[in-house]
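J.: predicted model and sequence follow; I will ask about them next.
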Amino acid sequence: NNTQECDNNNSPTTTHTMEAFRSRYTACCRELLVDPSPFVLSRVSADGSPAETPGRALDLTSASMTPTLCKALVHALRSDTYFQQLLLSDTLLGDEGCAMVAVLLQKNCCISVLKLDQNNIRAFGARSLGEMLKVNSTIEGLTLEWNGIGVQDDGMQSLCAGLLANNSLKSLDLRSNQICAQSAAHLACVLKTNPTLRSLDLRWNNLGTLGGRTLLAALQVNQTLTTLSLDGNHIPDDILRAIEALLARNQSAMMARDDERLRTACVNQELQEVVQTSQGQVAELESKLAEQAQSIAFQEEEKRATDRVVTQLRQDVQDLETRLAAANDSRAAAELQLTDMSHLVVHQKEETTKAVESTRQALTATIEELREQLGQLKTGLEASEAELSEALMRQRTAERERSLSQDELAGATAMQQRKYAQFQEQLDVQEAAHKAILQKAETSFLQRLAEQEQRSSATESDLRERLRLAEDGLASARTDVGRAKEAARVSLDELRSSLESAHAREVSRLREEMATLRQEQSAKVAVLERDVAGLRVQLDDTKQANVELKAQTQHAADKTQLVEQELGRLRTDKDREITRLNQELGDARAQVLVAAEASKHDAATIASLQAQVEAQGREKQALEKQHRDELAAVRREVEDVRRAEQKNARRLEMAREAEIRRVGELQQCIGTYVAKTREGSVHA
C-alpha cells in the first residue's frame with residue numbers, strides 16, 4: 001500500500017511534501033535536543049528543490065551526520081512516502097548510523113535505492129543490513145563501496161544471509177570492501193539461489209584465484225546475473241573469460257526473456273485490440289441479432305395473435321357448423337315428423353274417407369233398404385189402395401148391391417180405415433226410426449269428421465309452426481354461417497394480406513441487410529486488401545529497414561573495430577606516457593632525495609609532477625572508461641539494431657497472422673450471421 005501511495009504522489013503535491021518532511025525533521029531534532037543540520041535543511045527547502053535531483057532522491061552526500069542527527073533523520077523518514085532514493089555517501093555514518101538506516105528500511109516501503117559508500121561500515125553494520133534485506137521488498141539498488149564489510153567473515157555471512165531471503169534487490173556494489181576468497185563462498189550461495197540480482201560489483205577486493213573459481217562454479221547454476229565486475233581481484237584471465245562467457249550467456253537469456261516478455265506484451269496488446277475489435281463486431285452483430293430477434297418476436301407475437309384470431313374464428317365456424325348441423329338435424333327431424341304427420345293425416349284421411357265411404361255405403365244400404373221398405377210400403381199402400389179401390393169398388397158394388405146391410409159395410413170400412421191408419425202409423429214409425437238412425441249416423445259421422453279435421457288442422461298447424469320455426473332457425477343459422485364465413489374470409493384475407501405484406505417487408509429488409517452486409521463485407525474486404533497492401537508496403541519497408549539495419553550493423557561493427565583499435569592505441573600511448581612519467585617521477589624523486597632540503601620551488605615541482613602523474617592516471621582511467629562506455633554503447637546499439645530487426649520481423653509475422661485470423665473470424669461471423677438471417681427468413 002505504501003508503494004502504491006508512493007507511485008500516486010504527483011508533482012503538484014511536492015511542495016507540501018517537502019514542507020511536511022521539513023516540519024517532521026525539525027520536530028524530531030527538537031525532541032532529540034539537537035540543532036537541525038543546515039545541509040539537510042538546504043536539501044529539503046520549502047520551494048521543493050529536491051525535484052532538481054531526478055528520481056525523487058534525498059541526496060545528502062558528504063553531509064556530516066552525527067548519531068543524533070542520523071536518528072532525527074531516520075525518525076523523519078519513517079513515515080515519509082515521497083522519497084524513493086536515499087543517498088548517504090561519505091556521511092560518516094559508521095556501524096551505528098548504518099544500523100539506524102537499516103531499521104528505517106524495515107518499515108519504509110518507498111525507498112528503492114540506498115547509497116552507503118565510504119561510511120566505514122563493518123561487520124555490525126553488515127548484520128543490520130542483512131536483517132533489513134530479509135524483510136524489505138522494495139529495495140532494488142544498494143551501494144556499499146569503500147567500506148570494510150569483508151574484514152570479518154561474519155559481516156559478509158550476515159549480509160549474504162539477507163540476500164538469500166531477499167527477492168527485490170537487483171544491483172549490489174561491494175567495491176573495495178576487502179572481501180576475501182572465504183567470503184566469496186557466501187556470495188556463491190547467494191548467486192545459486194537469488195533470482196533477482198542482475199548486477200554485482202566486486203572490483204578491488206581480495207578474491208584471488210580461489211574466489212574466482214568459487215564464483216565461476218556459482219555462475220554455472222545462476223541464470224539471472226548479467227553484470228559481474230571483478231577488476232583488481234588478481235583472478236586469472238582464463239577464469240575471467242569463463243565468467244564473461246557465462247555472463248554473456250545470461251545476458252542472451254535475459255535478452256531472450258525480455259524479448260519474450262516484449263513479444264508477449266505486444267501479442268497481448270494486439271490480442272486485446274483484436275478482442276476489442278471482435279467484441280465491437282460481436283456487439284454490433286448481437287445488436288443486429290437482438291433487433292432481428294425483436295422483429296421476429298414481434299412477428300411471432302403477431303402470428304400468435306393472428307393464430308388466436310384464426311383459432312377463434314375456426315371455433316366460431318365450428319360452433320356455427322355445429323348449430324347448423326343441429327338446425328339441419330332439427331329440420332330433418334321436423335321434416336321427418338312432418339312426413340310422418342303427413343302420412344298419418346293421409347292415413348287418417350284415408351281411414352276417414354273409408355269410414356265415410358263405409359258410412360255412406362251403410363247409409364246408402366239403409367236408404368236402399370228404407371227405399372225398398374218404402375217401396376214395399378208404397379207397394380203395400382198401392383196394394384192397400386188397390387184393395388181400397390177394390391173395396392171401394394166392392395163398396396160401390398155393395399152400394400150397388402146395397403143389399404148388404406149398413407152395419408157390415410161400416411164394420412168393414414172401419415176395419416179398413418184402422419188397418420190403413422195402423423199401416424200408416426207403422427210406416428211413420430219406421431220412417432221416423434229410419435230418419436233417427438240416419439240423422440244419428442250423419443251426426444256421428446259429422447262429429448267424427450269435425451274432430452278428425454280439428455285434430456288434423458291442429459297437428460298441421462303445429463307442424464307448420466314447427467316447420468316455420470325450423471326454417472327460421474335454419475335461415476338464421478345460414479345467415480350466421482354466411483356472416484361468420486364472410487368475417488372469417490375477410491379476417492383470413494386481411495391476415496393473409498398482412499402476412500404477405502410483413503413477409504414482403506421482411507424479405508425486402510433482409511435483402512437490404514444482405515446487400516448492406518455484402519457492401520460492408522466488400523468494404524471490409526477492400527479495407528483488408530488495403531491493410532494487406534499496407535502490410536506489404538510495411539514488409540517492403542521493413543525489408544529495406546533490415547537492409548539498412550544490416551548496413552548500420554556492419555558500420556557499427558566496423559566502428560567497433562576502429563574504436564577497439566583506437567582504444568588499444570590509446571592504451572599503448574597512455575602506457576608509454578605513464579612509463580615516461582614514472583621515469584620522470586623516479587628521476588624527480590632521485591633529485592628530491594639528493595636535494596631534499598633544496599627549496600620550496602623544488603617541492604612545488606615535485607608536487608606538480610605528482611599531480612601530473614595522478615592527473616595522467618585519472619585521465620587514463622577516464623579515457624579507458626570513456627572508450628569502454630563507447631564500446632559498450634556501440635555494442636548495445638548493435639544489439640538494439642539486431643533486436644529491432646528481429647522484433648520487426650516478429651511483429652510483421654504476428655501482424656500478418658493476426659490479420660489472417662481477423663479475416664477468418666470476420667468471414668466466419670458473416671457466414672454465421674447470414675445463415676442465421678436465412679434461417680430467420682425461412683422461419684418467417
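T.: Done, it's in. Since we're looking at a predicted model, the values are computed, not measured.
J.: how many other residues sit next to residue 108?
T.: 22 (other CB atoms under 10 Å). Just so you know, the C-beta spots here come from the backbone N, C-alpha and C atoms, and that holds for glycine as well.
J.: and residue 83, how many neighbours?
T.: Count around residue 83 with other CB under 10 Å applied: 25.
J.: what do you get for residue 86?
T.: Residue 86: 24 neighbours (other CB under 10 Å).
J.: quick one: pLDDT of it?
T.: The model reports residue 86 with a pLDDT of 93.
J.: for it, which three-state class applies?
T.: strand (DSSP: H, G, I helix; E, B strand; the rest coil).
J.: can you tell me how far it is from residue 102?
T.: Separation of residue 86 from residue 102 (CB to CB, to the nearest Å): 12 Å.
J.: swap in residue 530?
T.: With CB to CB as the criterion, residue 530 and residue 102 are 63 Å apart.
J.: also residue 615?
T.: In terms of CB to CB, residue 615 sits 39 Å off from residue 102.
J.: swap in residue 566?
T.: Distance from residue 566 to residue 102, by CB to CB: 46 Å.
J.: ok, these two, which is more surrounded?
T.: More crowded of residue 566 and residue 102, by other CB under 10 Å: residue 102, with 23 against 13.
J.: which residues does that one contact?
T.: 125, 128-129, 131-132 (CB atoms under 8 Å, 6 or more residues apart in numbering).
J.: in helices, which of those residues appear?
T.: Using DSSP state H, the members of those that fall in helices are 125, 128-129, 131-132.
J.: pretty sure residue 288 contacts residue 673?
T.: Yes - with contacts counted by CB atoms under 8 Å, residue 288 reaches residue 673, the gap being 7.3 Å.
J.: so the two - more neighbours on which side?
T.: Shown here are residue 288 and residue 673; by other CB under 10 Å, residue 673 has more neighbours (19 against 16).
J.: nearest residue to the more buried one in space, please, no chain neighbours.
T.: residue 285 (5.7 Å; CB to CB, 6 or more residues apart in numbering).
J.: secondary structure element for the one you found, which one?
T.: Taking DSSP states H and E as the definition, residue 285 sits inside helix 237-401.
J.: run the chain-centre distance for that helix.
T.: 52 Å (CA atoms, centre = their mean, to the nearest Å).
J.: report the set of residues contacting both of residue 288 and residue 673.
T.: With CB under 8 Å, 6+ apart, residue 288 and residue 673 have no common neighbours.
J.: quick one on the thing from earlier: tell me the one of the ones in helices among the contacts of residue 102 nearest residue 30?
T.: When the ones in helices among the contacts of residue 102 are compared for distance to residue 30 (CB to CB), residue 128 wins out at 26.8 Å.
J.: residue ranges of the helices in the stretch 101-250 of the chain, please?
T.: Assigned by DSSP state H, counting those that start in this stretch, the helices in the stretch 101-250 of the chain fall at 123-135, 153-165, 181-193, 208-221, 237-401.
J.: CSV for those, including mean pLDDT?
T.: Below are the helices of the stretch 101-250 of the chain laid out as CSV (pLDDT from 0 to 100):
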stretch, mean pLDDT
helix 123-135, 94
helix 153-165, 93
helix 181-193, 93
helix 208-221, 94
helix 237-401, 76
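J.: got those as a markdown table, with distance to residue 622 columns?
T.: Formatted as a markdown table, the helices of the stretch 101-250 of the chain follow (distance: least, CB to CB, whole Å):
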| stretch | distance to residue 622 |
| --- | --- |
| helix 123-135 | 31 |
| helix 153-165 | 31 |
| helix 181-193 | 29 |
| helix 208-221 | 27 |
| helix 237-401 | 23 |
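J.: who wins for proximity to residue 635 among those helices?
T.: helix 237-401 (10.4 Å).
J.: got the angle between that closest one and helix 208-221?
T.: 10 degrees (axes from the mean of the first three to the mean of the last three CA atoms, to 10 degrees).
J.: so what does helix 237-401 touch, helix or strand wise?
T.: In terms of contacts (3 or more CB pairs under 8 Å, 6 or more residues apart in numbering; DSSP states H and E), helix 237-401 is packed against helix 208-221, strand 227-229, helix 406-594, helix 600-683.
J.: comparing these, which yields the minimum mean pLDDT?
T.: Minimum mean pLDDT among the helices and strands packed on helix 237-401: helix 406-594, a mean of 69.
J.: excluding its backbone neighbours, what's nearest residue 99?
T.: Using CB to CB, 6+ apart, the nearest residue to residue 99 is residue 128, at 4.0 Å.
J.: distance check, that neighbour against residue 167.
T.: In terms of CB to CB, residue 128 sits 20 Å off from residue 167.
J.: okay, these two: which has more neighbours?
T.: Between residue 128 and residue 167, residue 128 has the larger neighbour count (other CB under 10 Å), namely 25 against 10.
J.: what residues are up against that one?
T.: Listed by CB under 8 Å, 6+ apart, the contact set of residue 128 reads 95, 98-99, 102-103.
J.: can you redo these as TSV with pLDDT?
T.: What follows is the contacts of residue 128, written out as TSV (pLDDT from 0 to 100):
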residue	pLDDT
95	93
98	95
99	95
102	95
103	94
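J.: just those residues now: which is nearest residue 623?
T.: residue 98 (35.2 Å).
J.: that closest one sits in which helix or strand?
T.: helix 94-105.
J.: work out the gap between that helix and the centre of the chain.
T.: That offset, for helix 94-105, works out to 55 Å (CA atoms, centre = their mean).
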